[in-house]
Structure formats: structure tokens, C-alpha cells
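Novice: No sequence on hand, only this structure:
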């Protein structure tokens, strides 16, 4: 299997993370607001199509901020 070059790791991370989070969150919000009916899948995909274009670029902005917050909260490793 051909692998994607390491230099694209950040973009691939943002892509995979945004797809998974947008799918999960759009499913949850669709279920909360419309319930599980015969149109659930169509409503879910409609929500995903609107959520993912926001989630993908947001990861590029939010991930560095989250890394800084986590670094400030985590104790340094003991040697």
C-alpha cells in the first residue's frame, strides 16, 4: 500500500479529524432536533455537508491553540 508522504501529515490529520467530528456532531444534532425517522439519513447528510466545510479549516486554527492549552496544563515528564 502506498502511503502519503510525512509532509502532508498535518493536512491529513485535519481532514480525517474534521470528517469524523462533523459526522459525529451532525448525527447527534440531527437526532436531537429531528429524531430518528425515515428522513434521518438525508437530514444527517445535509447537516454534515454544511458542517464539514467549517470543521476542516477550523482544525487548522484550533489545533495549535489546543496544543498550547494542553502543554500549559500538563506537568513536564520526570527524568
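Specialist: Structure's in. What do you need? As the structure is a computational prediction, the values presented were derived from the model and not from experiment. Numbering: from 1, shown residues only.
Novice: Show me what the host helix or strand of residue 17 is packed up against.
Specialist: Assigned by DSSP states H and E, residue 17 belongs to helix 9-34. Counting by 3 or more C-beta pairs under 8 Å, 6 or more residues apart in numbering; DSSP states H and E, the packing neighbours recorded for helix 9-34 are helix 40-73. In this view, the C-beta of every residue, glycine as well, is placed from N, C-alpha and C.
Novice: roughly how far is the helix it packs on from the heart of the chain?
Specialist: 4 Å (C-alpha atoms, centre = their mean, to the nearest Å).
Novice: how about that helix: buried residues?
Specialist: 43, 44, 47, 48, 51, 52, 55, 56, 59 (16 or more other C-beta atoms under 10 Å).
Novice: now the helix holding residue 17: how far from the chain's centre is it?
Specialist: 5 Å.
Novice: what is the mean pLDDT for that helix?
Specialist: Throughout helix 9-34, pLDDT has a mean value of 95.
Novice: what inclination does it have with respect to helix 40-73?
Specialist: Helix 9-34 and helix 40-73 meet at an angle of 130 degrees, taking axes from the mean of the first three to the mean of the last three C-alpha atoms, to 10 degrees as the criterion.
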